[in-house]
Structure formats: structure tokens, C-alpha cells
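[1] okay, structure incoming, though there's no sequence with it:
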């Protein structure tokens, strides 16, 4: 429509319908030429994204920074926030970089928050890892070698850590039957001692805590769970296989989910024996900014 000439404006839905019928009947005139589309009588707008070059470049550059963290240790784990209204193409934008990153060796995980499941953010985030381990189990059933992944996870978490996470990631039960068989034989072991986890934020066995630093049982369990998820990310991500986690509809997250994501991004207890950070984590979080006001839990972190 021309703003200064109403002659070209649609006056009714019938006008719009007539215009669309002309496009369908004469695509060679109204659309870019595509011989297959003309022959099939369908419209083909292509698979590329138009007008999002700047945003795509930003996503790819963030991934490249994580990949190059060995040379620039300031970006071993990175968060990219993608905001916009519903239907504005946020998901399509992220999907457009998934295949290129996986071709470069990235491990892709995804979770999606739901308005009807607020209060279950930990389960939502854990579902991304559940999908990953289901895939690992499927590969194992096909006879493929997944020993490196399983060994890395067990070495990082220990038996009791696997048991704790299995409450949120049930596929771990099938992948580590010996761990759970051992648990049945001896359920009196002290899991805290096995993991070497104290009740503090940093989980340092040698750290002393005064009365003001003693945490409640709930806070201790939360910190232990955060620690185990950090160890899990460290176990499955590597410089040659970075981890890409897409967190969709972040506007429905609750405080427990925000705290876990923050812990994955900001804590650095995943150093190897050479005091180097071998973890590579990239998180894309998309959300509807029109539904995030000053009172929203996200506002505290943005």
C-alpha cells in the first residue's frame, strides 16, 4: 500500500484474496522464478532467512568465540539472548544455525518452557539432557561405541552423582545399570563423601565455614544439584565438541531455572588437571520481551 495513494490500498478481504489468487496462478510474474514451483502449482519462498544477516552473524560469532576459548579464555561459556514478540521469527533464527553448528561438531540440546508448567523449570532444563542420553542409549542399542561419553560422565559425577541426577534424567538408569545394582547392594554409603561435596557454594573440602555460612538443607540440596549439572556439562562438552543449549520461551522460567542457568554460566569449577577450562558451552535463550516487565524474575538477571 502507498501511504499517499489510496488507489493501491486493499479495500476488503476479497481484494486480498483476489491478489493472492493471482500470485498463485502466475507465480512467474509475482515471485522469483522457480521452475519446480511453477510445475507443481505451489509457492516456494525458499529456505533462507531474509533480512536477518546481522542477527545471524551475531549468533555465529558467539559460537566462534566459544570454539576459540582455548586462545581467548574469556568465552568458555556464553549466553545469547534473543528477544521479540510472538511470531517474530526467533525460533526460525535459532534453527537456521543449528545444522551448521552440528556440522562443525557441536552437540545440540533444546528445552522449551511452558506457561502451564511454571514451577518445574529444573525438569524442563533436565529434559534437554534426557533427550541427549536417550540418543546415546539409542546409539548403544545400534551397536555404536558410546563408551567415551559414558566413561566421561561417570568419571565426572561418580556413582552417587549419577543416582541423584537420574531423578531428573531417568535414561541414566538404563545407561549405568552397574551403578544402580551397586546402590541396591549397599545403600548405606555416604554420597556426600563420595562426591567430595561440602555444603558450601564452592564445594571445597578444605574450606572452613562459620555459623553464618551454614546453609539450610534445601539450599544445600540446590547447590549440590547445580554442582552436578555443571559437572555433567563439563563431562559431555569438549573443545572439539562444544555444547549448544537452546532455551526457548524463557519468559515462563521460574527462579529455580534461572538460578541453574546462571550457575552453569558463571561458576568455574570445571578446570582440568592443568588448571585449564576445557568446557565449551553456548546458551541461546529466546523470550517474548513484551511479557517481561520490571517485576519479572528475568529482569533481575538481564
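    Thanks, I have it. Worth saying up front: this structure is predicted, and the values here are computed from it rather than measured.
[2] C-alpha from now on. contacts and neighbour counts both.
    Noted.
[3] need phi/psi at residue 281.
    The phi and psi values for residue 281, taken as degrees, to the nearest 10, are phi -130, psi 130.
[4] hmm, I was thinking of residue 92
    Dihedral pair for residue 92: phi -60, psi -40, per degrees, to the nearest 10.
[5] for it, give its distance to residue 263.
    Distance from residue 92 to residue 263, counting by C-alpha to C-alpha, to the nearest Å: 28 Å.
[6] which one of the two has more residues nearby?
    Each of residue 92 and residue 263 has its neighbours counted (other C-alpha atoms under 10 Å); residue 263 has more, 16 against 12.
[7] tell me what whichever strand or helix holds the more buried one is packed against?
    Per DSSP states H and E, residue 263 falls inside helix 255-266. For helix 255-266, the packing partners by 3 or more C-alpha pairs under 8 Å, 6 or more residues apart in numbering; DSSP states H and E come out as strand 77-83, helix 121-141, helix 217-236.
[8] now the helix or strand that that helix is followed by: average pLDDT?
    Using DSSP H and E, the helix or strand that follows helix 255-266 towards the C-terminus is strand 281-287. For strand 281-287, the mean pLDDT works out to 92.
[9] what about residue 267, how many residues nearby?
    Residues near residue 267, counting by other C-alpha under 10 Å, number 14.
[10] next: residue 259.
    Around residue 259 there are 16 residues (other C-alpha under 10 Å).
[11] residue 53 versus that one, what's the distance?
    Distance from residue 259 to residue 53, by C-alpha to C-alpha: 32 Å.
[12] any idea how far the helix holding residue 263 is from the middle of the chain?
    12 Å (C-alpha atoms, centre = their mean, to the nearest Å).
[13] begin at 57, not 1, for the rest of this chat.
    Got it, first residue is 57 now, which makes that one helix 311-322.
[14] quick check: mean pLDDT of it?
    What helix 311-322 shows for mean pLDDT is 91.
[15] just the helices in the protein please.
    Ranges of helices in the chain, per DSSP state H, are 69-81, 83-86, 91-96, 109-123, 146-159, 177-197, 203-221, 227-231, 233-241, 247-251, 273-292, 311-322.
[16] what does the last one contact?
    Applying C-alpha atoms under 8 Å, 6 or more residues apart in numbering, the set of residues contacting helix 311-322 from outside is 133-135, 175, 177-178, 181, 282, 285-286, 337, 353-354.
[17] for it, buried residues please.
    Going by neighbour count (16 or more other C-alpha atoms under 10 Å), the buried part of helix 311-322 is 311, 313-317, 319-321.
[18] which of these sits closest to residue 116?
    Distance to residue 116, by C-alpha to C-alpha, is smallest for residue 321 among the buried residues of helix 311-322, at 18.7 Å.
[19] low-confidence stretches in the stretch 107-256 of the chain?
    Applying pLDDT under 70 to the stretch 107-256 of the chain picks out residues 126-132, 240-256.
[20] if we go to 80?
    Residue ranges of the stretch 107-256 of the chain with pLDDT under 80: 107, 125-132, 173-175, 239-256.
[21] ends of stretch 216-225, how far apart?
    Terminal residues of stretch 216-225 lie 14 Å apart, using C-alpha to C-alpha.
[22] give me the contact list for it.
    With C-alpha under 8 Å, 6+ apart, stretch 216-225 has contacts from 179, 182-183, 185-186, 210, 228-229, 235-236, 247, 250-251, 281, 284.
[23] determine which two of the residues you listed are furthest apart.
    Spatially, the most separated pair among those is 183 and 250, at 26.0 Å (C-alpha to C-alpha).
[24] who's in contact with the residue most central in space within the chain?
    Taking C-alpha atoms, centre = their mean, the centroid of the chain lies closest to residue 301, which sits 2.1 Å from it. With contact set as C-alpha under 8 Å, 6+ apart, residue 301 has these partners: 164-167, 184, 337-340.
[25] one step back: ok, so of the contacts of stretch 216-225, who is nearest residue 143?
    Nearest to residue 143 among these, counting by C-alpha to C-alpha, is residue 183 at 24.2 Å.
[26] hang on, that closest one packs against residue 167?
    Yes. The pair residue 183 and residue 167 qualifies as a contact (C-alpha atoms under 8 Å) at a distance of 6.5 Å.
[27] having no further points to raise, I will conclude here.
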